[in-house]
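>>> Provided below for reference: sequence and predicted model.
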Amino acid sequence: KMYTVGPDYGHAEARKSPTVDGKVERNPDGKEVRFPVILTLREKEIARRIVLVFKQQVCGFDILRIQEGDSLVSYVCDVNGWSFVKNSRK
């Protein structure tokens with residue numbers, strides 16, 4: 001999951017994948033436990049373009065990372081606007 005505030009700032013976090021890592025960890029409130037992720041330069045550029053193209057200064061979206069040979073390839077899905085992001089404390 002990635003959150004942006006303007007084209008030059010973003011915060012990304014990940015969770016365990018049930019199909020890759022096993023069971024998704026949850027906190028006492030039942031929400032998925034997530035941890036910070038360092039983005040690649042390409043992912044940062046993707047985030048910047050999403051902000052500019054969708055004209056959403058604050059938004060969130062999912063990045064799917066896939067290892068293809070020696071390369072890490074990132075795909076974006078599920079872009080969300082302010083109404084979805086506003087409840088995230090991070």
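Perfect, I can see it now. Residues are numbered from 1 along each chain as shown.
>>> can you tell me the helix or strand for the closest residue to Glu43 other than its chain neighbours?
For Glu43, ignoring the flanking residues on the chain, the nearest one in space by Cβ to Cβ, 6 or more residues apart in numbering is Ser74 at 5.3 Å. C-beta: built from backbone N, CA, C; applies to glycine. Ser74 belongs to strand 71-80 when assigned by DSSP states H and E.
>>> who does that strand pair up with?
According to DSSP bridges, strand 71-80 forms sheet pairs with strand 58-68 (antiparallel).
>>> picking that back up, tell me how far the strand holding Ser74 lies from the chain's centre.
8 Å (Cα atoms, centre = their mean, to the nearest Å).
>>> is it true that the residue nearest to Glu43 touches Asp62?
No. Contact status for Ser74 versus Asp62: not in contact, 10.3 Å apart, counting by Cβ atoms under 8 Å.
>>> ok, Val53 to Met2 distance?
According to Cβ to Cβ, to the nearest Å, Val53 and Met2 sit 15 Å apart.
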